[in-house]
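Enquirer: what's the 3D shape of this:
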Amino acid sequence: MIPWHRLFGLLLDELFRGSAWQVVIEMDLSRKVQKLDIVVVRRGDGPPPRELPDGFAPLADHNLITYKSLREPLDAWAIKELIGHSVNYRKQVSPSLDALIPEESIGLFAVATRFPQKLAEQVKLERCGEGVYNLYWGTDRIRVLVLSEVPATERNAVWNLFSGDLGRIASAAHQFRRRKSELSTVLNQLFENYQQEGIPMPYTVEDFMRDVTLEHLDLLKADERLRGLSSDERLRGLSSDERLKGLSPEEIEAYLRKRRGGDPRHSSE
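Expert: A predicted model of the protein is given here:
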């Protein structure tokens, strides 16, 4: 089974790294293993991330997220499940059933790769921006995010990686190369998932690693840059003077004799 939800949570974890919010992936809410896809929880009094992607602000103290990938529909049942999880979650994190945390401290998000057409025919989706909608279910407000519709900006790089759109994915991957290189493992899995779904990727993890290396080449020591290169590859592109720099006349003469096969008739003496 393709681990779409875990990858989505891992990249959200990077988004909230260093902030007062913690990302919990597939939080177990019962003994019957009913898992909520992702929870983003405030842990402390620090600031939120410097720039949140579209539709993700303002954050509550507890943000519950259901995520539907490329082939999964965001339907009415998914919304009911999310609301059910919120009830269970509120009970579990509150001091007691007689002292429940405020309802307004819980935010509900339904994130989908593609527009939920069937759901839109059943309930009203109030458009708040490109790819951002509000859905009202009884007294609950759910923020619906359609990742294939949000603007293809750097701020929305996490959203665009899961948009299912080749151009957006490639652009977001280029934007992520400015971040920590350990994300390459997650991106590699993401690209492989798209390949399994029959979507050819124009930007591979090899491209990603090459871009990261080139961008940070100046941080490497000279011997680290040359590691793995043959003698010929190390000298390629250097002038004659640069190649001979640092060698004594004796070393140069010995090298020339070796190149000539050691024949004394070719000696310069």
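Enquirer: just confirm Leu29 contacts Lys91, I think it does.
Expert: No. In this structure, Leu29 is not within contact of Lys91 by CB atoms under 8 Å, at 9.4 Å. Yep, even glycine has a C-beta here, placed from its N, CA and C like the rest.
Enquirer: those two: who's more crowded?
Expert: Between Leu29 and Lys91, counted using other CB atoms under 10 Å, Leu29 has the larger neighbour count: 20 against 13.
Enquirer: give the contact list for the more buried one.
Expert: Lys35, Leu36, His85, Asn88, Tyr89, Gln92 (CB atoms under 8 Å, 6 or more residues apart in numbering).
Enquirer: could you look up the next helix or strand downstream of the host helix or strand of Ala157?
Expert: Here Ala157, judged by DSSP states H and E, is contained in helix 157-161. Note on helix 157-161: by DSSP H and E, the next helix or strand toward the C-terminus is helix 166-176.
Enquirer: so for that following helix, mean pLDDT?
Expert: Regarding helix 166-176, the rounded mean pLDDT is 81.
Enquirer: what comes up buried for it?
Expert: Arg168, Ile169, Ala170, Ser171, Ala172, Ala173, Gln175, Phe176 (16 or more other CB atoms under 10 Å).
Enquirer: the last one against Asn188, yeah?
Expert: No. Taking contact to mean CB under 8 Å, the distance of 11.9 Å between Phe176 and Asn188 leaves them out of contact.
Enquirer: next, Leu70: phi, psi?
Expert: The phi/psi pair for Leu70 (degrees, to the nearest 10) reads phi -50, psi -40.
Enquirer: which residues touch it?
Expert: Trp4, Thr113, Arg114, Gly164, Glu197, Ile199.
Enquirer: got it, and Ile106?
Expert: Ala60, Asp61, His62, Asn63, Leu64, Ser86, Tyr89, Arg90.
Enquirer: and it, how far from Leu135?
Expert: Distance, Ile106 to Leu135, by CB to CB, to the nearest Å: 15 Å.
Enquirer: and if you look at Asn63?
Expert: 16 Å.
Enquirer: ok, now Arg141?
Expert: 7 Å.
Enquirer: would you format the contacts of Ile106 as TSV with neighbour count, pLDDT and secondary structure included?
Expert: Formatted as TSV, these follow (neighbours: other CB atoms under 10 Å; pLDDT from 0 to 100; DSSP: H, G, I helix; E, B strand; the rest coil):
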residue	neighbour count	pLDDT	secondary structure
Ala60	18	95	coil
Asp61	17	95	coil
His62	19	97	strand
Asn63	22	97	strand
Leu64	25	97	strand
Ser86	20	95	helix
Tyr89	19	94	helix
Arg90	18	95	helix
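Enquirer: and which of these is nearest to Val123?
Expert: Nearest to Val123 among these: Ser86, at 17.2 Å, using CB to CB.
Enquirer: thinking the closest one is in contact with Gly107, fair?
Expert: No. Ser86 is beyond contact range of Gly107, at 9.3 Å (criterion: CB under 8 Å).
Enquirer: which residues do these two both contact?
Expert: Residues within reach of Ser86 and of Gly107 at once, by CB under 8 Å, 6+ apart, are Leu64.
Enquirer: give me the three-state assignment for Arg143.
Expert: Three-state call for Arg143 (DSSP: H, G, I helix; E, B strand; the rest coil): strand.
Enquirer: now it. Nearest residue, chain neighbours left out?
Expert: Phe109 (5.0 Å; CB to CB, 6 or more residues apart in numbering).
Enquirer: next SSE after the helix or strand the one you found falls within?
Expert: According to DSSP H and E, Phe109 maps onto strand 106-112. Downstream of strand 106-112, the first helix or strand assigned by DSSP H and E is helix 117-122.
Enquirer: can you give the distance of that following helix from its chain's centre?
Expert: Averaging C-alpha positions (CA atoms, centre = their mean, to the nearest Å) puts helix 117-122 30 Å from its chain's average.
Enquirer: thank you, goodbye.
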